[in-house]
Every structure is written in C-alpha cells, then in structure tokens.
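Participant: I would like the atomic coordinates for the input below:
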Amino acid sequence: MDYPLTKALAVATLGYSAWVITHPDALRDQLDDPGAWSRPVARLAYTYAGRDVPISVLTLLGGRQGARTGALLRLAGDLTDAATLGATASSSSSRKKAVATALGYGVVNAVALVVDERRHSRA
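Facilitator: Numbering: from 1, shown residues only. This is a model prediction of the structure:
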C-alpha cells in the first residue's frame, strides 16, 4: 500500500469527524468554551467535518497522488485550525490547547507524509 502512515491518519481523521458529527458539543467541551457557545462551536465542528471527510476520502481512495494531495490539504487545514481557534478561543488556556492540538496533529501528519514520501522514493 502506498503512503500507509498518511492513510492511517486519514482513517483516524474520519473517525474523529464521525464522532464530532454525532457529538456536536464535543469540540466545545474539549476547548472548555462556555455552554452559551454550543451552537456556534457545533457549526464549526460540522464545518471541519465537512472539510475533513472529503480530504480523508481523497487520501484513502485517490492513489499515490491523492494521498499526497490529501496530506497537503490536511496540513493546510491544521494551520488554519490553529489560526482560527487560536484567535477565537474563549480563554488563554483554551487558546493554548487548541493551537497545540492543531499544530501537533499537523506535525504528526507532516512527519507521516515525509516518511511515506521517502519510502516511496526508495521503492
């Protein structure tokens, strides 16, 4: 299988997206945002899932180039997540948590892509 690490992370992203869609308050709870933010944060979670599901499907089903393109789109999404959540979080601790999580997942995805690319270039 081409790009196994990248594809494994796409599966994890699909799983998280499904969980967030079925538990719309999960993101708000994870960010420690106030209960009054429930509807806007649920909309944000649905928006993220609406972005992440097709990117993950592309990564999984698009062959080698689809996996690479999906990983790059995933990284762009992680950077925009960090910027958006960092700028709009309800507190300093929420901001730090959101930025660290988004950037951390971005780093994991970047490392997976680099490892997969190196494996592919040696094959």
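Participant: any weak-confidence spans in the chain?
Facilitator: Nowhere does the chain drop to pLDDT under 70.
Participant: Tell me which stretches of this protein form helices.
Facilitator: For the chain, helices defined by DSSP state H occupy the ranges 4-22, 26-30, 38-61, 63-88, 92-122.
Participant: Dump these into TSV; add mean neighbour count as well.
Facilitator: Yep, even glycine has a C-beta here, placed from its N, CA and C like the rest. Formatted as TSV, the helices of the chain follow (neighbours: other C-beta atoms under 10 Å):
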stretch	mean neighbour count
helix 4-22	17
helix 26-30	17
helix 38-61	17
helix 63-88	17
helix 92-122	15
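Participant: Find the nearest non-adjacent residue to Leu27, please.
Facilitator: Ala45 (4.3 Å; C-beta to C-beta, 6 or more residues apart in numbering).
Participant: measure that neighbour to Ser38 for me?
Facilitator: Here Ala45 is placed at a distance of 10 Å from Ser38 (C-beta to C-beta, to the nearest Å).
Participant: residues in contact with Ala71?
Facilitator: Contact analysis of Ala71 by C-beta atoms under 8 Å, 6 or more residues apart in numbering lists Tyr3, Thr6, Thr59, Asn109, Ala112, Leu113, Asp116.
Participant: How much space separates Leu60 from Ala67?
Facilitator: Noted for Leu60: a distance of 8 Å to Ala67, by C-beta to C-beta.
Participant: Now for the two: what residues contact both?
Facilitator: Joint contacts of Leu60 and Ala67 (C-beta under 8 Å, 6+ apart) are Lys7, Ala10.
Participant: before we move on, back to that, got any residues that touch both of Ala45 and Ser38?
Facilitator: With C-beta under 8 Å, 6+ apart, Ala45 and Ser38 have common neighbours Pro24.
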